[in-house]
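have a look; sequence and predicted model below, questions after that.
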Amino acid sequence: MPWTTDEPGREACEHTHSRGAEQDAHYTYVESSLAHAETVPSSRVSNGYTVRPSHTALAPFGLHPGILVDRTYRVDRLLGSGGMGIVVLATDERLERKVAIKFIRPDLFPLPEMRALFHNEARAMAKIAHRNVLSVFACGEHAHNPYFVMEYIDGQTAETWLQRASQAGALSSISHALSIVEQACLGVEAIHASHTVHRDIKPSNLLIDRTFRVAVGDLGVAHGIERIPRDRALVGSASYMAPEAALGAATPPELVHRRDIYALGCTAYELLTGRPPFFGPTDVSVLAKHVLRQPPAPSQIRPDLSSGFDSVILRALSKDPRLRFATVEEFRRSLVAESEQLHEPARILVADDDSEWRNLFVIALHDRFPHAQIDTARDGGEALRAITGATYAVMVVDLQMPNINGVQLVQRVRANERLKSMPIVVVTAAGGSEHWRQLATLGVDTILVKPVHPDDLERVLRRALRAHHDGTQCPSTATLARN
């Protein structure tokens, strides 16, 4: 259930299906609550959820801006409302931080199934402590209305991120899309480790903060793996629902978590191609395609996408859950491996006047990029001569060097038209915020502060190579990483 300050309603497009337009004769379609929370100035309907001004939507809950909940949380404003309740932005006056508080609708709380969903969501979130899963902080009652307090994400959802790329007339960044999916997988791995299945993974439930951290949210229909009920309700969202879930089929407990793998495959498909694997005019028509049809290969939809991703994503979308990846980790590693195969550097230049660090980098890079040629330079002048006489996939640069220092070297490299797009990673034990701001302006991809773990160096090099391959900057462009 996303709550962001930056969440427009989803625009209609050729593949958008109507939600709730039709119901199967045997099943009731269930959307998880508040899947599209947003902030808007006036009343309107977005994807089946009515969003109203704060004074209108807050009144039934005994709330208004400025009221103090449980002598701790000062309500600021409405973030979103939906069929199950509302989410408000509040200030935790004891800890001086912004939080999101979810309240259940008073008319729904007497219903046992609604109370169960509400309390189940809070418990499921509280069991998990992971940077890629939304955190829950507390729970209580206000005017006899239950609530729970959650981490507030100031940013956007993956759905909005994709929408904005589409509205700009551009394809999504492959590296950014893979970063979102990889982080979502890490979050779902943590959820599965708590013996819980999410059951409603989709782009609108992936929250992205301003540092491009992704957090999985909306565990409103999550359930314990050993206790997934077999009932007549379809739980989840049609565009991301596994065939066995659409059929209401009994699934062995050891395979239930693979429904989330299917949903992650659908999410990866959509973020990379701009459209879900199946779409249609109604939910029922979409569900039928999940059961009966094979989606086109992602590279058929997006020709600049490596065909190597086809087998990975289509395996996650196997109709038979036994043919999918056994774990989310296996799916994630397969995506990462395919991505890294595209960006193995042929030649790397390491410029550092410290012989010990220079040798350490060479050993580490040889170990991680066994087919790459690793060249070294002892100062900025030697590095400049090397870089102008050969073609390098990426350059690793120290900041303080004799003759020509790291800042001057980067300036001269970026002044060369041929070298403007070459990734540059600065690794330094010196310098301050002024240097780092200057390097960011010059187009340095990442700044690492010594001592540097070889795995961190490998990670930022691969990320920079992916970003430059896409023709765009990576989410962490010119970020400072400390160990």
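Happy to help now that I have it.

ok, then the element right after the host helix or strand of T441?
Element membership of T441, judged by DSSP states H and E, is helix 433-442. Using DSSP H and E, the helix or strand that directly follows helix 433-442 along the chain is strand 446-449.

give me the mean pLDDT for that next one.
Average pLDDT, strand 446-449: 86.

after it comes which helix or strand?
Next element after strand 446-449 (DSSP H and E): helix 454-470.

buried ones in that following helix?
Residues of helix 454-470 classed as buried under the neighbour-count rule (16 or more other CB atoms under 10 Å) are 456-468, 470. C-beta: built from backbone N, CA, C; applies to glycine.

and for stretch 323-341?
Going by neighbour count (16+ other CB under 10 Å), the buried part of stretch 323-341 is 324-325, 327-328, 331-332, 334-336, 338-339.

just those now: which is nearest H198?
Within those, the smallest distance to H198 is 10.2 Å, found for V328 (CB to CB).

report pLDDT for the closest one.
For V328, the pLDDT comes out at 95.

phi first, then psi, for it.
V328 adopts backbone torsions of phi -60, psi -40, taken as degrees, to the nearest 10.

which residues does it contact?
Under the criterion of CB atoms under 8 Å, 6 or more residues apart in numbering, the neighbours of V328 are 185, 188-189, 192, 257, 260-261, 264.

ok, 10 Å please
By CB atoms under 10 Å, 6 or more residues apart in numbering, the residues touching V328 are 184-193, 201, 257-258, 260-261, 264, 316.

list buried residues within those.
With burial judged by 16+ other CB under 10 Å, the buried subset of the contacts of V328 is 184-192, 201, 257-258, 260-261, 264, 316.

which pair of those spans the longest distance?
The largest separation in the buried ones among the contacts of V328, counting by CB to CB, is between A190 and A316 at 18.5 Å.

elements contacting the longest helix along the chain?
Across the chain, the longest stretch assigned as helix under DSSP state H is helix 174-193. If you count contacts as 3 or more CB pairs under 10 Å, 6 or more residues apart in numbering; DSSP states H and E, helix 174-193 packs onto helix 158-167, strand 196-197, strand 206-209, strand 214-216, helix 258-273, helix 308-316, helix 328-341, helix 454-470.

now it and helix 258-273, what's the angle there?
Helix 174-193 and helix 258-273 are oriented at 170 degrees to each other (axes from the mean of the first three to the mean of the last three CA atoms, to 10 degrees).

export helix 174-193 as PDB, just CAs?
Below are the C-alpha coordinates for helix 174-193, written out as PDB (Å, rounded to 0.1, in the frame of the first residue of the first chain):
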ATOM      1  CA  ILE A 174      17.200  -1.200 -18.200                       C
ATOM      2  CA  SER A 175      19.600  -0.700 -15.400                       C
ATOM      3  CA  HIS A 176      17.100   1.100 -13.300                       C
ATOM      4  CA  ALA A 177      14.400  -1.400 -13.900                       C
ATOM      5  CA  LEU A 178      16.700  -4.300 -13.000                       C
ATOM      6  CA  SER A 179      17.700  -2.400  -9.800                       C
ATOM      7  CA  ILE A 180      14.100  -2.100  -8.800                       C
ATOM      8  CA  VAL A 181      13.400  -5.800  -9.500                       C
ATOM      9  CA  GLU A 182      16.600  -6.900  -7.700                       C
ATOM     10  CA  GLN A 183      15.800  -4.900  -4.600                       C
ATOM     11  CA  ALA A 184      12.200  -6.100  -4.700                       C
ATOM     12  CA  CYS A 185      13.500  -9.700  -4.800                       C
ATOM     13  CA  LEU A 186      15.600  -9.000  -1.700                       C
ATOM     14  CA  GLY A 187      12.600  -7.800   0.100                       C
ATOM     15  CA  VAL A 188      10.400 -10.800  -0.900                       C
ATOM     16  CA  GLU A 189      13.300 -13.100   0.100                       C
ATOM     17  CA  ALA A 190      13.000 -11.600   3.600                       C
ATOM     18  CA  ILE A 191       9.300 -12.000   3.600                       C
ATOM     19  CA  HIS A 192       9.600 -15.700   2.600                       C
ATOM     20  CA  ALA A 193      12.200 -16.200   5.200                       C
END
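
number of residues surrounding the closest residue to S334 other than its chain neighbours?
Leaving out its chain neighbours, the residue that sits closest to S334 by CB to CB, 6 or more residues apart in numbering is V312, at 4.6 Å. Other residues near V312 number 21, with proximity taken as other CB atoms under 10 Å.

surely V312 meets L264?
No - using CB atoms under 10 Å, V312 is not in contact with L264; the gap is 11.1 Å.

what residues are shared contacts of these two?
Common contact partners of V312 and L264 (CB under 10 Å, 6+ apart): 325, 331-332, 335.

could I get those residues as JSON lines with pLDDT?
Shown next, in JSON lines, are those (pLDDT from 0 to 100):
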{"residue": "F325", "pLDDT": "95"}
{"residue": "F331", "pLDDT": "95"}
{"residue": "R332", "pLDDT": "93"}
{"residue": "L335", "pLDDT": "93"}
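
any idea how far H142 is from D70?
6 Å (CB to CB, to the nearest Å).

what residues are shared contacts of the two?
Between them, D70 and H142 share the contacting residues I101, judged by CB under 10 Å, 6+ apart.

pick out whichever of the two has more residues nearby.
Using other CB under 10 Å as the criterion, D70 and H142 rank with H142 on top: 18 against 13.

hang on, the more buried one packs against F103?
Yes - at 7.3 Å, H142 counts as touching F103 under the criterion of CB under 10 Å.

for the two, list the residues in contact with both.
Residues touching both H142 and F103 (CB under 10 Å, 6+ apart) are 61-63, 69.

pLDDT below threshold where in the protein?
Residues of the chain meeting the criterion pLDDT under 70: 1-57, 59-60, 82-83, 109-110, 112, 115-116, 219-234, 341-343, 431, 469-483.

switch to 50 and redo it
The model of the chain has pLDDT under 50 over residues 1-53, 231-232, 473-483.

list the buried residues for the strand or helix carrying E254?
Assigned by DSSP H and E, E254 belongs to helix 253-256. For helix 253-256, the neighbour count (16+ other CB under 10 Å) marks 255-256 as buried.

now do it: distance to the chain's middle.
25 Å (CA atoms, centre = their mean, to the nearest Å).

of the helices and strands packed on helix 174-193, which is nearest F361?
For the helices and strands packed on helix 174-193, proximity to F361 was assessed by CB to CB; helix 454-470 is nearest, at 7.1 Å.
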